[in-house]
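Participant: Let's see this in three dimensions:
(one chain, ligands or ions: 1)
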Amino acid sequence: MQSSNLATSTQGNTIELPTNQLLNPVNAEQPLLWAKNLTQLFAPNKGFMEIECEVYPGEVLGIVGESGSGKTTLLKALSGRLTPDSGEVLYRNEDNNAVSLYDMSESQRRKLLRTQWGIVHQHPLDGLRPYISAGGNIGERLMAIGQRHYGDIRTQAKNWLVEVEIPEDRIDDLPITFSGGMQQRLQIARNLVMKPTILFMDEPTGGLDVSVQAKLLDLLRQLVSSLSIAVVIVTHDLGVARLLADRLMVMKQGRVVETGLTDRVLDDPKHPYTQLLVSSILQN
Ligand SMILES: Nc1ncnc2c1ncn2[C@@H]1O[C@H](COP(=O)(O)OP(=O)(O)OP(=O)(O)O)[C@@H](O)[C@H]1O
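Facilitator: Modelled structure (predicted):
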């Protein structure tokens, strides 16, 4: 198992990674995050049931399924934002200890989310502070992990704007003056600047025009692979899943009906529901 604390960014810059991030996800043997018998039901068949899943360091896990199958609710529970009815979510922390997300205090969980994890929402303004500058949106996350040097923070914010293809002279502009695609790229920069161990994304390209979607997907793919971050991405778009995910979990009515490597699941689906999902894409 190889580990390193340096990686090359999409712009060729060297980016420092936390020492607990592994650059060779395929050999990572222990999950970073895992769920045991996780259930959350708002009403019969509304939510998710008896979920068992693991996320390994550096891998991209895609959660796919039709609208209403429970993907977003599951993502919220996995990312510490929704206490489930029953079951456990465990996380391997920086000391290599397994900690139970919902046994922590609310403030410990919030701190974990602020300092070690990233969350990219479908609607960028849900994940940005609209009335502080673009640079401030990025810098705030660095301050959350204890950085205090204003000059360094501004330099890193500028580098990340460039990384996500936003002109650096927009650093003092408010996100509300940005296009939807730029806002989404800023949200991604805000989440990646503190080098999270896990990034949770809910339909990150969902609200964007098709041409903007393609560019953003390409950028995401490059960033995720160069930083070797573990990602859990919810999408109903199998094209997005194919492009980004190493492994897929297919959900139907709150249950996981199939899991496997992305190419296997999409090219040779075993469950009739997955077969239906895949064939409906092929017919479009
Ligand atoms: N807070 C809530 N209270 C009651 N019902 C809810 C709540 N949140 C979600 N649901 C219901 O749970 C089910 C699963 O919703 P969820 O948003 O997780 O599905 P999804 O697969 O992400 O769908 P979509 O792709 O449309 O976002 C839906 O029937 C939804 O209406």
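
Participant: Going by C-alpha atoms from here, please, whenever you check contacts or count neighbours.
Facilitator: Fine.

Participant: after whatever helix or strand Gly181 lives in, next one along is what?
Facilitator: Secondary structure from DSSP states H and E places Gly181 in helix 180-192. For helix 180-192, the following helix or strand on the C-terminal side (DSSP H and E) is strand 198-202.

Participant: helix or strand right after that next one?
Facilitator: Taking DSSP H and E, what comes next after strand 198-202 is helix 210-227.

Participant: same for that next one, what does it pack against?
Facilitator: strand 6-8, helix 180-192, helix 238-244 (3 or more C-alpha pairs under 8 Å, 6 or more residues apart in numbering; DSSP states H and E).

Participant: Which one of those lies nearest to the ligand?
Facilitator: Between the ligand and the helices and strands packed on helix 210-227, the shortest gap by C-alpha to the nearest ligand atom is with helix 238-244, which sits at 12.3 Å.

Participant: Tell me which other helices or strands the closest one touches.
Facilitator: By 3+ C-alpha pairs under 8 Å, 6+ apart, helix 238-244 packs against strand 60-65, helix 210-227, helix 262-267.

Participant: Go through the ones you listed and pick out the most buried.
Facilitator: strand 60-65 (a mean of 27; mean count of other C-alpha atoms under 10 Å).

Participant: element containing Leu41?
Facilitator: Per DSSP H and E: strand 33-43 holds Leu41.

Participant: For Asp85, which non-adjacent residue is spatially closest?
Facilitator: Leaving aside its sequence neighbours, Asp85 sits nearest to Gln40 (C-alpha to C-alpha, 6 or more residues apart in numbering; 4.9 Å).

Participant: sorry, that was for Glu50
Facilitator: Per C-alpha to C-alpha, 6+ apart, closest to Glu50 is Asn37, 4.3 Å.

Participant: Do I have it right that that neighbour meets Leu74?
Facilitator: No. Between Asn37 and Leu74 there is no contact under C-alpha atoms under 8 Å: 12.0 Å.

Participant: So those two - more neighbours on which side?
Facilitator: Leu74 (23 against 13; other C-alpha atoms under 10 Å).
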